[in-house]
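Participant: from the sequence below, what's the structure:
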Amino acid sequence: MNIATFPLGPLQTNCYVLANGKEALVVDPGGDPGPVLRHLENEGLTLTVILNTHLHFDHTAGNKALSDATGAPVMANDADGYLLDNWLGAGGDMGLPSIAPYKWQNLEQGETVFAGAACRVLHTPGHSPGSLTFHFPDAGAAFVGDLIFYRSIGRTDFPGGDIEALKRSVNEHIFTMPPETRLLSGHGPETSVGDERNHNPFFGGF
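Facilitator: Residues are numbered from 1 along each chain as shown. Below you'll find the predicted structure:
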């Protein structure tokens, strides 16, 4: 499997394309999906699904355009649906663009297959109530959104944020993965389970 990264939108949110053969999935298209569409075309990939780790505007801004262009459905957790009623999900505040309305299908925790690849969908609240992590064991990678970053964690001061829930999510779902698992976050560089377990200051690392 191959994973390509495209920082999109005003906050340079990491949008990921995981290709498995000629099928692909996209995680968090946070801006104009033009670069993603060009990549799909250049590589001869068919997009099968658009996954949102959570429904903050900087992770969803490209949902509608990418779904309209490819026919791929958008999937997220319904617990974040309330965000679309305020600026966190709809945008339009602080000079940021409004988000084109989009439809999504509810996705719950469990084991499934996306683009022909086995996926563990994990409910990892804390940054938002409906935050999801997508763990692809065969790729040795997990898409964690804004749950955990290199040497940091996601904000919990937004409505729906919960620092204790976030720490539980990381300890129970992330730090129990193999230590070499790549953690692909919504912003900044990638890291690994072992690295963050040992060095993330929010979990006793140094």
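Participant: residue 18: neighbour count?
Facilitator: 25 (other C-beta atoms under 10 Å). Every C-beta, even on glycine, is put in place using the N, C-alpha and C of the backbone.
Participant: lowest-confidence helix or strand of the protein?
Facilitator: helix 87-90 (a mean of 92; mean pLDDT, DSSP states H and E).
Participant: from the chain's centre, how far out does that helix sit?
Facilitator: 16 Å (C-alpha atoms, centre = their mean, to the nearest Å).
Participant: now swap in stretch 65-82 and tell me
Facilitator: Per C-alpha atoms, centre = their mean, the centroid offset for stretch 65-82 relative to its chain is 12 Å.
Participant: so which residues make contact with it?
Facilitator: For stretch 65-82, the external contacting residues (C-beta atoms under 8 Å, 6 or more residues apart in numbering) are 26, 29, 32-33, 36-37, 40, 47-52, 54-55, 60, 63, 89, 100, 102-108, 123, 125, 128-132, 160.
Participant: what do you get if the cut-off is 7 Å, keeping everything else the same?
Facilitator: For stretch 65-82, the surrounding residues in contact (C-beta atoms under 7 Å, 6 or more residues apart in numbering) are 26, 29, 33, 36-37, 47-52, 54-55, 63, 102-107, 123, 128-130, 132.
Participant: next: stretch 114-124.
Facilitator: 1, 18, 20-21, 23-25, 48-49, 77, 107, 109-113, 131-139, 147, 169, 173.
Participant: buried residues in it?
Facilitator: Neighbour counts using 16 or more other C-beta atoms under 10 Å place 114, 115, 117, 119, 120, 121, 122, 123, 124 of stretch 114-124 among the buried residues.
Participant: repeat that for stretch 145-152.
Facilitator: Under 16+ other C-beta under 10 Å, the buried positions of stretch 145-152 are 145, 146, 147, 148, 149, 150, 152.
Participant: and for stretch 42-53?
Facilitator: 45, 47, 48, 49, 50, 51, 52, 53.
Participant: what's the answer for stretch 14-30, then?
Facilitator: Those would be 14-20, 23-30, for stretch 14-30 by 16+ other C-beta under 10 Å.
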